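>>> All I have is the shape, not the residue letters:
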Ligand SMILES: Cc1cc2nc3c(=O)[nH]c(=O)nc-3n(C[C@H](O)[C@H](O)[C@H](O)COP(=O)(O)OP(=O)(O)OC[C@H]3O[C@@H](n4cnc5c(N)ncnc54)[C@H](O)[C@@H]3O)c2cc1C
């Protein structure tokens, strides 16, 4: 943009969501200014669950390996244990998800990596991109929206100055100033309670050896809470605050030490309390995710209880939905109306995740309430409490939606003007049961494929942030069409022919059994799907289209991109029998 204080996009907040937005925009060559009120990045680890969908995005952004190696080794993060102290045997366990199920749905796995480490990985990657500037000690204190953008007033070292931006992404967290300045209201729940997270360093290798869990639910007489292992020397202990008993302020260090030692079950363990963070168990979702040039993302748009681990993940996925749209509008390939699909697509996901996270929190609270009765706690710890320990182990299944949420992770299906419905019956996932579908709006599902040199790849790896066309069988006609259309629409479109055997125009085949890919994607020979840069299906022709491929593609892309003068392809033409 013209002057030194003018940017295409200003991102407010350098948390995981703001940095993710800046990274993707920067990778697309957009000039971005990130404004962060803090002097440095946050060091208190809040989130640690990075779900497999976010890991798929991290792979595309080149940080998956860094995040994995900064996280808990996968063999130490296989599930959850219930015990009377960390030094006792678990009386109930729940595996996170079996290997087979995980592999069916994604080339990536959940990674347990502390939020501060995730933020460092994002920040280091952002720092490599010339078109992105991250400015610390810069608090946004005022906002004026104009027809052609926004002016932000930024307070830096006590002085105010203005920054102009065509678009603003408010990634400034749950108490978002930008959201308030934009006049966007929140719908929120009553709190289900308050908790205190104590972040501490202690070497607990000895007590955790051979018990590979990432969360430990502790039910001791002196303390009940959740021990979260970030790595065997970095831990968080999370306890419920009792408004009758606990003071409103922070716990003192001595109290933290006492609670941690009781939870670990070792009196002389050396503990270094680093920081404490009180938080409320509740949810809030903004009434709109857009006001003119301002877009809300992450906690500024929605806050959930962390039970299930969806807050940061959803926020990062918001930016994945938004960044390609902003880039396309800024580079002139899409119409401004494309940006309205952000609210239409992401707000329903936020509502869904908010409701489900509240259900998870309620169930966790119920199960804790049953266990924390004094008589139960006494029996749990006593040698003759076998019956109650068995009963509890049997009842842990009520929490399965919190820990086995493959459907919630992969199953969102967008409905908006940036998707062309093909009129096929909906294929809805449940929370725990992900039903792969390539119906327009869905995340293009993972299927394992093989190249002619024998290399295995996932469909997810073919979708690396670009527009992609996948066709069943010989891709020659679609490839020619894509070449013509991309010069006209200005959107590069990578084309892959996927078949059951190698032959003309077939780039990849099913890695395991012939026919898996075409069945999951619901295509006959010559049918195709167009996948958006965020990996969601824009449109599908189950059979060869009624018009020539070039015509069908041109209309579909123009329609999805909201280019002026286009009319939507009626669902009935998608997948119709071709008649030239
Ligand atoms: C105990 C706990 C456990 C959690 N566990 C998980 C989990 O396992 N998985 C998961 O996905 N989520 C989890 N979450 C949620 C997750 O921490 C949040 O969703 C995530 O931090 C949101 O990121 P964000 O970037 O939107 O906001 P934030 O991380 O809050 O970042 C916002 C940034 O904006 C800056 N800022 C604020 N106002 C201004 C301003 N006016 N000007 C400039 N800068 C400003 C702030 O300083 C901050 O750096 C957990 C949350 C809690 C409380």
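Right, received. Where do you want to start? Given the structure is predicted, the values throughout are model-derived calculations rather than measurements. Residues are numbered from 1 along each chain as shown.
>>> Backbone dihedrals for residue 244, please?
With angles defined as degrees, to the nearest 10, residue 244 sits at phi -70, psi -40.
>>> ok, it - how many residues close by?
4 (other CB atoms under 10 Å). (C-beta placed from N, C-alpha, C; glycine too.)
>>> if you skip the residues just before and after it, what's nearest to residue 148?
Using CB to CB, 6 or more residues apart in numbering and skipping the chain neighbours, the partner closest in space to residue 148 is residue 166 (7.0 Å).
>>> tell me the pLDDT at the one you found?
The confidence metric pLDDT takes the value 98 at residue 166.
>>> so where does it fall, helix or strand?
For residue 166, the enclosing helix or strand under DSSP states H and E is strand 159-170.
>>> That strand close to the ligand?
No - Strand 159-170 lies out of reach of the ligand by CB under 6 Å from any ligand atom, never closer than 8.8 Å.
>>> Can you pull out the residues in contact with the helix or strand where residue 380 lies?
Assigned by DSSP H and E, residue 380 belongs to helix 374-381. By CB atoms under 8 Å, 6 or more residues apart in numbering, the residues outside helix 374-381 that reach it are 84, 88, 91, 219-221, 224, 370-371, 385, 388-389, 392.
>>> Sitting in strands, which of those do you find?
219, 224 (DSSP state E).
>>> Quick one: residues contacting the residue nearest to residue 148.
Contacts of residue 166 (CB under 8 Å, 6+ apart): 1, 7-9, 148-149, 293, 330.
>>> repeat that with 7 Å
8-9, 149, 293, 330 (CB atoms under 7 Å, 6 or more residues apart in numbering).
>>> cool, residue 87 as well?
207, 264-266.
>>> what number of residues lie near whichever residue of the stretch 51-200 of the chain sits closest to the ligand?
Of all residues in the stretch 51-200 of the chain, residue 173 sits closest to the ligand, at 2.9 Å by CB to the nearest ligand atom. Neighbours of residue 173 under the rule other CB under 10 Å: 20.
>>> Which strand or helix spans it?
Using DSSP H and E, residue 173 maps to neither a helix nor a strand.
>>> what's the pLDDT at the closest residue to it other than its chain neighbours?
Closest residue to residue 173 apart from its sequence neighbours, by CB to CB, 6+ apart: residue 299 at 4.8 Å. As predicted, residue 299 sits at a pLDDT of 98.
>>> before we move on, what SS does residue 299 have?
When classified by DSSP: H, G, I helix; E, B strand; the rest coil, residue 299 comes out as helix.
>>> so how far is residue 413 from it?
24 Å (CB to CB, to the nearest Å).
>>> cool, and residue 451?
29 Å.
>>> the more surrounded of the two?
Between residue 451 and residue 413, residue 413 has the larger neighbour count (other CB under 10 Å), namely 20 against 13.
>>> any idea how far the more buried one lies from residue 191?
Distance, residue 413 to residue 191, using CB to CB: 31 Å.
>>> In contact with the closest residue to the ligand within the stretch 151-300 of the chain, which residues?
Residue of the stretch 151-300 of the chain nearest the ligand, by CB to the nearest ligand atom: residue 298 (2.4 Å). Shown in contact with residue 298 (CB under 7 Å, 6+ apart): 15, 17, 171, 315, 318.
>>> which residues touch the residue of the stretch 1-150 of the chain found nearest the ligand?
For the stretch 1-150 of the chain and the ligand, the shortest gap (CB to the nearest ligand atom) falls at residue 15, measuring 2.3 Å. When contacts are counted by CB under 7 Å, 6+ apart, residue 15 touches 119, 171, 173, 298.
>>> Could you measure from it over to residue 532?
The value you get for residue 15 to residue 532, if CB to CB is used, is 25 Å.
>>> Could you do residue 154 as well?
33 Å.
>>> Please identify which of these two sits among more neighbours.
residue 532 (25 against 22).
>>> hang on, the earlier thing: tell me the one of the contacts of residue 298 nearest residue 284?
Nearest to residue 284 among the contacts of residue 298 is residue 315, at 13.3 Å by CB to CB.
>>> What sits closest to that closest one if chain neighbours are left out?
Closest to residue 315 by CB to CB, 6+ apart is residue 298, at 3.0 Å.
>>> Hmm, residue 227 is touching residue 237, no?
Yes - using CB atoms under 7 Å, residue 227 is in contact with residue 237, at 5.5 Å.
>>> what residues are shared contacts of these two?
Going by CB under 7 Å, 6+ apart, residues that sit against residue 227 and also against residue 237 are residue 263.
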